[in-house]
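A.B. asks: how would this look folded up:
(2 chains, ligands or ions: 4)
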Amino acid sequence: MTNIISIKDVYYKYPGSEVYAINGISLDIQKNQWLSIVGKNGSGKTTLTRLIDGLEESESGSIAIDGVISDEQTIWEARKKIGIVFQNPDHQFVGATVEDDVAFGLENQGMPREQMVESVDRALAMVDMQDYKKRDPQSLSGGQKQRVAIAGVLAIQPQIIIMDESTSMLDPDGRKTVINLIEELRSKQDLTVISITHDIEETQLSDRIIVLNSGKVVKDTTPAELYNLRGQLQEYGLEEPFTNLVAENLTDVIDFKGYIDEKGLIDQLCKLNSNT
Amino acid sequence: MQIEFKHVTHSYESNNPMSGLGLADVSCTINSGKFTAIVGKTGSGKSTLVRHINALLKPTSGEILVGERKITSETNNKNLKPLRKNVGMVFQFPESQLFEDTVEKDIMFGPQNFGVPEKDAKEAAQEMIDVVGLGSEYLQKSPFDLSGGQMRRVAIAGVLASDPETIILDEPTAGLDPVGRKEIMDLFKEQQKNGKTIILITHNMDDVANYADEMMVMHDSQIVASGTPKAVFNDQELLDKNYLTLPQSAIFAQKLQAKNFHFDQLPITISELTTEIKQQIHGD
Ligand SMILES: Nc1ncnc2c1ncn2[C@@H]1O[C@H](COP(=O)(O)OP(=O)(O)OP(=O)(O)O)[C@@H](O)[C@H]1O
Ligand SMILES: Nc1ncnc2c1ncn2[C@@H]1O[C@H](COP(=O)(O)OP(=O)(O)OP(=O)(O)O)[C@@H](O)[C@H]1O
Ligand SMILES: [Mg+2]
Ligand SMILES: [Mg+2]
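C.D. replies: Ligands and ions are numbered 1, 2, ... in the order given. Here you go, the predicted model:
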């Protein structure tokens, strides 16, 4: 598989700060991969994505997007391939109405007006916000803002989508719908997904999960392997998956060593129940 | 403090009252000293509802009683200080609540605004920054040079420092890492045990099941159900109408029920769930 993003030995500290927010990261991300990034508050997740998008410049090391090393000249081309949904949707909004806002990225791409109207409608329909076209984005509810921010990024059809906790204020059904939508786009197009999240359920869908801690990648693995770590999870600010917590309370009746998935747990329990 | 909504309607677009209704004839009581959770889909009116409690929004019609204080469409913005001292609110987006140039000043602002001497406010900031898991090295930073979760913690510290009797939390754990989320939820529960009234808006049904005494479900600008979490999560009609999603333990119980388990009432916490499972497996 080709690397859509290739990060080598990157260090970064914010102006005026003594500590490295990104403290030596090397990471290759393959085309079409779904990568989850997890880790404690302040571990460097958002900073890493800002470096990828060239919003901050690394102190040393290099970042290549689609084979091209980013520098002051190349970053503009690279950026066209990347869509970031920011952690705070208020930072995303530029338009006075929802539709203007979603159109903004398309205008930048130089899309003809007619096509643009269509694309905006399609993107808003994907997140079920078509009825709010004429509203000021600032007047939306928290979850509605997140949906519009997602629509704005979907509209430009990026090759790489970075979602920085973009579903944190959606209701559980809404969250599932958005995740399924992204998954569908990924399977249909050559979309690469980088998702920063604290939601364990969301990470379980990814191909790969990395854990950041104090600006370093401390784990690079699959969700199943990660949730096998049990006690160590706490150290990284993570919780155990629900099935583990249930199994832990049932160790006197079932066999439980590491990560147990839902099906495995249900099968064990139903078998025990039919024996009595 | 007891809080009562009496036929409260809020229209965001006063020139066109039928569109943009934030609240549609809402009546409810939030009991003093309880931990009440408010749930409901995106845009259902949760933030609109709670913003009336400290008069950030005024009703278009109807009235709200907060303890002795009455809020109506006529309520003016003067003399709201005593109300705001009693009712603290952590906003849905913490950044909208931060404005000073250091974290310390930000946390001290509330207490000082309500008449606490500078020295005591400083002490409160010291204490609260630890309580929210950040440590005093953060006090001299700018609140805008923080990560999302760190900002959230500062906003919570600021509200707790003012020591309000009623604490409104609008999705306070969005953006917190899972360990932090649990610590902060435990902290709110602790506050309740010390006599405070807690009102929590959340999409996390497990937190509702684990922490709340009472819950309300909003849908389309109205309150469509209220009661104990156990009763509300067992209300089949609400689930059929898709007004509500279940905690993980209840969903898991439903899956077991589809096989060979039986639950008279859906368990809503892990301890309820596993207790039931053991009983059924042991056949008693
Ligand atoms: N603008 C800034 N100026 C200075 N330091 C910053 C700035 N933004 C973030 N930091 C610091 O850099 C570190 C990494 O922050 P970052 O926002 O990348 O964390 P994060 O992993 O995204 O956390 P969260 O889960 O809370 O969003 C933190 O210690 C934070 O305090
Ligand atoms: N300033 C405003 N002007 C017009 N309409 C508004 C305004 N603020 C909120 N609304 C609308 O009122 C409805 C209720 O919004 P509210 O913010 O109370 O929802 P919520 O239940 O808190 O949702 P969420 O879970 O997404 O935060 C939404 O449809 C929203 O778009
Ligand atoms: Mg972040
Ligand atoms: Mg809200």
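A.B. asks: For ligand 2, what's its nearest residue on the stretch 1-150 of chain A.
C.D. replies: With distances taken as C-beta to the nearest ligand atom, the stretch 1-150 of chain A approaches ligand 2 most closely at residue A:143, which sits 2.8 Å away. Heads up, the C-betas are built off the backbone N, CA and C, glycines and all.
A.B. asks: pretty sure that residue is in a helix, no?
C.D. replies: Yes: inclusion of residue A:143 in a helix is indicated when DSSP: H, G, I helix; E, B strand; the rest coil is applied.
A.B. asks: in which helix or strand would I find residue B:62?
C.D. replies: Of the helices and strands defined by DSSP states H and E, residue B:62 is found in strand B:61-66.
A.B. asks: and that strand, which residues are buried?
C.D. replies: B:62-64, B:66 (16 or more other C-beta atoms under 10 Å in any protein chain shown).
A.B. asks: What's the separation between whichever residue of the stretch 101-250 of chain A sits closest to ligand 3 and residue B:167?
C.D. replies: In the stretch 101-250 of chain A, no residue comes nearer to ligand 3 than residue A:164, which is 5.9 Å away by C-beta to the ion. Plainly put, residue A:164 is 28 Å away from residue B:167 if you go by C-beta to C-beta, to the nearest Å.
A.B. asks: Residues in contact with stretch B:117-126: which ones?
C.D. replies: Contacts with stretch B:117-126, where a contact means C-beta atoms under 8 Å, 6 or more residues apart in numbering or on different chains, come from B:103-104, B:107-108, B:111-112, B:116, B:136, B:139, B:157, B:161, B:163.
A.B. asks: err, stretch B:79-90, not the other one
C.D. replies: Residues beyond stretch B:79-90 that count as contacts (C-beta under 8 Å, 6+ apart) turn out to be B:1, B:50-51, B:53-56, B:66-67, B:69, B:71, B:97, B:110, B:113-114, B:155-156, B:159-160, B:162, B:164-170, B:172.
A.B. asks: Now, of those residues, which are buried?
C.D. replies: With burial judged by 16+ other C-beta under 10 Å, the buried subset of the contacts of stretch B:79-90 is B:1, B:50-51, B:53-56, B:66-67, B:69, B:71, B:97, B:110, B:114, B:155-156, B:159-160, B:162, B:164-170, B:172.
A.B. asks: Out of those residues, which sit inside helices?
C.D. replies: When helices are assigned by DSSP state H, the members of the buried ones among the contacts of stretch B:79-90 inside them are B:50-51, B:110, B:155-156, B:159-160.
A.B. asks: Can you show me the helices along chain B?
C.D. replies: B:46-51, B:81-86, B:103-113, B:118-131, B:148-161, B:178-193, B:205-211, B:229-233, B:236-240, B:248-257, B:270-281.
A.B. asks: Burial-wise, tell me which of these comes out on top.
C.D. replies: Per-stretch averages of neighbours, counted by mean count of other C-beta atoms under 10 Å in any protein chain shown, single out helix B:148-161 among these, with a mean of 25.
A.B. asks: Would you mind checking the average pLDDT for that one?
C.D. replies: Averaged across helix B:148-161, the pLDDT comes to 97.
A.B. asks: chain center to that helix, what's the gap?
C.D. replies: Counting by C-alpha atoms, centre = their mean, to the nearest Å, helix B:148-161 is centred 14 Å from the centre of its parent chain.
A.B. asks: Who are the packing partners of it?
C.D. replies: Counting contacts by 3 or more C-beta pairs under 8 Å, 6 or more residues apart in numbering or on different chains; DSSP states H and E, helix B:148-161 is packed against strand B:87-90, helix B:103-113, helix B:118-131, helix B:178-193.
A.B. asks: is any part of that helix close to ligand 1?
C.D. replies: Yes: under the criterion of C-beta under 6 Å from any ligand atom, helix B:148-161 makes contact with ligand 1 via B:148-150.
A.B. asks: Contact partners for the most centrally placed residue in chain B?
C.D. replies: Taking C-alpha atoms, centre = their mean, the centroid of chain B lies closest to residue B:200, which sits 1.6 Å from it. The contact partners of residue B:200, by C-beta under 8 Å, 6+ apart, come to B:35-38, B:169, B:172, B:188, B:207-208, B:211-212.
A.B. asks: by how many degrees do whichever strand or helix holds residue A:46 and helix B:148-161 diverge?
C.D. replies: Using DSSP H and E, residue A:46 falls within helix A:45-52. Helix A:45-52 and helix B:148-161 are oriented at 140 degrees to each other (axes from the mean of the first three to the mean of the last three C-alpha atoms, to 10 degrees).
A.B. asks: Chain A against ligand 1: which residues are in contact?
C.D. replies: Taking C-beta under 6 Å from any ligand atom as the test, the list of chain A residues beside ligand 1 reads A:14, A:17, A:21, A:39, A:41-47, A:87.
A.B. asks: Buried members of those residues into PyMOL, please.
C.D. replies: Buried subset of these, written as a PyMOL selection, criterion 16+ other C-beta under 10 Å:
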select buried, chain A and resi 21+39+41+42+43+44+45+46+47+87
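A.B. asks: Need the residues of chain A next to ligand 1 in TSV (columns: distance to residue B:194 and pLDDT).
C.D. replies: Listed next are the residues of chain A next to ligand 1 as TSV, based on distance: C-beta to C-beta, whole Å; pLDDT from 0 to 100:
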residue	distance to residue B:194	pLDDT
A:14	38	97
A:17	37	92
A:21	37	98
A:39	32	97
A:41	26	97
A:42	29	97
A:43	32	98
A:44	36	98
A:45	34	98
A:46	35	98
A:47	37	98
A:87	32	92
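A.B. asks: Before I go, just wanted to say thanks for your time.
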